[in-house]
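In: pasting the sequence and the predicted coordinates here, then a few questions.
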Amino acid sequence: MTSGPTKIHVQRVSKAFGADGRSAPALVDVELEVAEREFLCILGPSGCGKSTLLNIVAGFIQPTSGAVLVDGAPVRGPGAERGVVFQEYVLFPWLTVAGNVEFGLVLKGVAAAERRRTVARYLELVGLGAHAEKFPVQLSGGMKQRVAIARALANNPAIILMDEPFGALDAQTREVLQEELSRIQRVEHKTILFITHSIREAVYLADRVLVMTSAPGRIKQVFPIKLPEVRDRFAPEFTEYESAITRTVKEEVAKVHE
Amino acid sequence: MTRALALAAALAVWTLIVYGNARLGFMNPVLLPTPWAVAEVGVATAQSGELARHVLTSLTRVAEGFGLAALAALALGILAGLCVPLRHMVEPVIEFVRPIPPLAFLPMFLVWFGLGEASKVAFIGYTTFFPMFIAVAASVLTVDVMLLRAAASLGASRADLIRRVILPAAMPGIIVALRVGFGLALFVIVGAEFMGADAGLGHLIMEGRTFFNPAQIVMGALVLGILGSLINALLLAAERRLVRARP
């Protein structure tokens, strides 16, 4: 899946925080190309700048130097062609599930009948067909994240950026949602940038796994995952990838503790 | 049930104190009206139509003063919440004026607007504006930046963000601000009506003092209490309907 044209080009991006914009480097010279329809997972120790990288691609923050190009055009701010799924769901609490999912469509001025069809389709896709009229406060964490995924998909962005989307969920819900996301991706074919702490999650979902160094974040190593589309977490090849990536990540985690 | 019992108990304690005092001669019994005396004055004032006139007068003043202040506080509060330079300009002035007890300015309002309705309405407007303005601006200002990010990445423009995210997200805070403002208006109307008014519950109470009728004073106070809790219950119910499911 990594052979398509470049969708996202992260061009020598550096980011430093602090009052002078220099004192606290978070990312250093990150160079990265994500192909159209590719599922790229980014792994790294806490505080390595993975979320910073995602926020820059989303257009929420500006890089100190370098640029992000989407289809060759520089990113200047957030936009509808780059959907975002956050760890804390960030649903609009005053809107129903359906109201949340159709939010982007309302902004685009899509007619009500078509909105209803799209909402129904994506709620069905994430298994929430029966919950359209509920409010976010009435949902479990897993259900909220399904709504957030449906909201991103219904807006039909070419790119979806996911910032540890399953990080706040319990282990069972997490695996179920990984399976659903993998199934959805086989239907929707988005270009996905997915941040995670979980190596198993990365190997399960990704076409490529990118491991970052401890802070300040750089790209340490890229692992193409050559496994079938539908993956078996207990296959020997799966475990091999897992242990190879684990070794790489551990080196970086160890540095944090030195 | 518990509430009814508590109220009955309070009434019993009041009766006990009044009769105990009559026995022991702690103070002149004329100064301590019995619940019956208060009820009698209440019924008499209600039957003559006077009570309704006073209540209506006070409520009209509260509604007008609060209404004007609420409109101004909403418009300016939302603007100040959205626009940082405006906030920096307004903040020091407010911080200076706010600690002054509003009643300190009441004579000024009488000097400016005379003894008629205008002075009361303006005074209530002045009193309720600042707390409402501050609360409205704060609830606009504290809208979660993540909600803005979520909306922006779904394609929201600046105008969309204000209309579809900031306002609905700030709505619970705005409604609380209005409820607090309304309570405050009821609070200060009495003071405004103590001075130079010929109607209103504050006037009714002051009249009780002038004509030495303690039962009338207590009756006026109780009517204010009942009005206040009724209106608060109404506003709470409205709030619950407006702000449905919230985290």
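Out: The structure has been received and is ready for your questions.
In: correct me, but A:Arg233 touches A:Tyr204?
Out: Yes - using C-beta atoms under 8 Å, A:Arg233 is in contact with A:Tyr204, at 6.3 Å. In this view, the C-beta of every residue, glycine as well, is placed from N, C-alpha and C.
In: okay, the two: which has more neighbours?
Out: Legend: neighbour count by other C-beta atoms under 10 Å in any protein chain shown for A:Arg233 and A:Tyr204, higher for A:Tyr204 (23 against 13).
In: and that one, how far is that from chain B?
Out: Note on A:Tyr204: its distance to chain B, by C-beta to the nearest C-beta, to the nearest Å, is 25 Å.
In: that residue contacts A:Ser182, correct?
Out: Yes - applying C-beta under 8 Å, one finds A:Tyr204 in contact with A:Ser182, separated by 6.9 Å.
In: between those two, what contacts are shared?
Out: Each of A:Arg231 lies in contact with both A:Tyr204 and A:Ser182 under the rule C-beta atoms under 8 Å, 6 or more residues apart in numbering or on different chains.
In: what's the burial count for B:Phe96?
Out: 9.
In: in a helix, it, correct?
Out: Yes - under DSSP: H, G, I helix; E, B strand; the rest coil, B:Phe96 falls within a helix.
In: show me the contacts for A:Ala206.
Out: A:39-41, A:194, A:225 are the contacts of A:Ala206 under C-beta under 8 Å, 6+ apart.
In: grab the nearest non-local neighbour of residue 155.
Out: In the absence of a named chain, this looks at chain A. Leaving aside its sequence neighbours, A:Asn155 sits nearest to A:Gly104 (C-beta to C-beta, 6 or more residues apart in numbering or on different chains; 3.3 Å).
In: ah, I was thinking of chain B
Out: Closest residue to B:Gly155 apart from its sequence neighbours, by C-beta to C-beta, 6+ apart: A:Ala80 at 3.1 Å.
In: tell me the backbone dihedrals of that neighbour, please.
Out: phi -70, psi -20 (degrees, to the nearest 10).
In: and the nearest residue to B:Phe26 once chain neighbours are set aside, how many neighbours?
Out: Sequence neighbours aside, B:Gly20 is the residue nearest to B:Phe26 in space, at 7.9 Å (criterion: C-beta to C-beta, 6+ apart). Burial of B:Gly20 is recorded as 11 neighbouring residues (other C-beta under 10 Å).
In: now B:Gly20: how far from chain A?
Out: From B:Gly20 to chain A the distance is 52 Å (C-beta to the nearest C-beta).
In: can you list the buried residues in the host helix or strand of that residue?
Out: Here B:Gly20 sits within helix B:2-24, counting by DSSP states H and E. Neighbour counts over helix B:2-24 (16 or more other C-beta atoms under 10 Å in any protein chain shown) mark B:14, B:18 as buried.
In: let me see the ranges of the helices in chain A.
Out: Under the criterion DSSP state H, helices of chain A are mapped to A:50-58, A:97-101, A:103-108, A:112-125, A:141-154, A:171-188, A:199-205, A:236-257.
In: just to revisit the earlier point, what's the most distant pair in the contacts of A:Ala206?
Out: Within these, A:Phe194 and A:Ile225 form the most distant pair, 12.4 Å apart (C-beta to C-beta).
In: the more surrounded of the two?
Out: A:Phe194 (25 against 21).
In: remind me, longest helix of chain B?
Out: Chain B, longest helix under DSSP H: helix B:50-82.
In: average pLDDT across that one?
Out: Averaging pLDDT along helix B:50-82 gives 93.
In: and it, what does it pack against?
Out: Applying 3 or more C-beta pairs under 8 Å, 6 or more residues apart in numbering or on different chains; DSSP states H and E, one finds that helix B:50-82 makes contact with helix B:35-47, helix B:84-97, helix B:117-141, helix B:167-194, helix B:201-210, helix B:214-242.
In: deepest-packed of the ones you listed, please.
Out: Highest mean neighbour count among the helices and strands packed on helix B:50-82 (mean count of other C-beta atoms under 10 Å in any protein chain shown): helix B:117-141, with a mean of 23.
In: anything in that one near chain A?
Out: No - judged by C-beta under 8 Å from any C-beta of the partner chain, helix B:117-141 and chain A are separated, with a smallest distance of 13.3 Å.
In: just want the angle from the next helix or strand after that helix to helix A:50-58.
Out: Using DSSP H and E, the helix or strand that follows helix B:117-141 in sequence is helix B:145-152. Interaxial angle of helix B:145-152 relative to helix A:50-58 (axes from the mean of the first three to the mean of the last three C-alpha atoms, to 10 degrees): 40 degrees.
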